[in-house]
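Engineer: Dropping a prediction and its sequence here:
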Amino acid sequence: MFPTPSTSHVDYDQVYEPSEDSFLFLDLLQEERSFIQERFSDSSKLGIPTVLELGLGSGIITTFFHNYILPQALFLGTDVNPHACKTALETSRANNGTRYFDVLRTNIWDGLRPNTVDVLLFNPPYVPADNLGSYESSIKSDDWLDFALLGGEDGMQVTKIVLDQLDFVMRDRGVAYILFCFRNKPEEVAKAMTDRGWSVKKIGERKIRWEILSIWRFSR
């Protein structure tokens, strides 16, 4: 079992604190380590892989992935929260992180070019909510945590945007890891994405109090 990256430097007043969903992500990525390393083993022909994490938060997932899963990759993270962008870079540096890591403050992945991502990591805001906080109100109040938690109707408002854009941003060898809660209806999502030509596999799940969280792999 690989150690969890240290986040003792993080101010959790404005950045999502790693919780059961984060630790499930780390555990299952560790189980996927051989699959990922084999898939991207021949960088001489296919080029150095690019890893993108959407919604970095504390940066713990990207840091773990760099340290233990695919250390030779190039890393990019996005987050709408300015505190998260700064914190993720600090987490990487505090855990012997890579200099080949940069952060883009943006809404999901605006500005990314097509066919550029080899590995996508996404622990989305998945909690169902009728009302989402607005970008403008977050700027005024400097309160960004709703963006890390609330996923709108069925908790899928943000995740649906990501799923719809996978064909645009992912390379042919690309693989995406996305977390869902039970109320997101991941089985229905998997069927819909399979119908679109993706290979979809649930790599694991965990019951946490009243919720069931699962992580699914999407590949071509």
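Structural biologist: Great, that's in hand. Because the structure is predicted, anything quoted here is derived from the model rather than measured.
Engineer: in which helix or strand would I find Arg171?
Structural biologist: Assigned by DSSP states H and E, Arg171 belongs to strand 170-181.
Engineer: give me phi/psi at Tyr16?
Structural biologist: For Tyr16, the backbone dihedrals (degrees, to the nearest 10) come out as phi -60, psi 130.
Engineer: so it touches Ser58, yeah?
Structural biologist: Yes: using Cβ atoms under 8 Å, Tyr16 is in contact with Ser58, at 6.7 Å. For the C-beta atoms, the positions are set from N, CA and C on the backbone; glycine is no exception.
Engineer: Overlap in contacts, these two.
Structural biologist: Overlap between the contact sets of Tyr16 and Ser58, as judged by Cβ atoms under 8 Å, 6 or more residues apart in numbering, is given by Ala84.
Engineer: Where do the strands of this structure begin and end?
Structural biologist: 50-54, 74-79, 101-105, 117-122, 170-181, 199-208, 211-219 (DSSP state E).
Engineer: With only the CA atoms kept, save the longest one in PDB.
Structural biologist: Read it as strand 170-181. Extracted C-alpha coordinates of strand 170-181, given in PDB (Å, rounded to 0.1, in the frame of the first residue of the first chain):
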ATOM      1  CA  MET A 170      -9.100  12.000 -25.300                       C
ATOM      2  CA  ARG A 171      -6.500  10.400 -27.500                       C
ATOM      3  CA  ASP A 172      -7.100   7.000 -29.000                       C
ATOM      4  CA  ARG A 173      -5.200   5.300 -26.300                       C
ATOM      5  CA  GLY A 174      -6.800   7.500 -23.600                       C
ATOM      6  CA  VAL A 175      -8.400   6.200 -20.400                       C
ATOM      7  CA  ALA A 176     -10.600   8.200 -18.000                       C
ATOM      8  CA  TYR A 177     -11.400   7.400 -14.400                       C
ATOM      9  CA  ILE A 178     -14.500   9.000 -13.000                       C
ATOM     10  CA  LEU A 179     -16.200   8.700  -9.600                       C
ATOM     11  CA  PHE A 180     -20.000   8.300  -9.200                       C
ATOM     12  CA  CYS A 181     -22.300   8.000  -6.300                       C
END
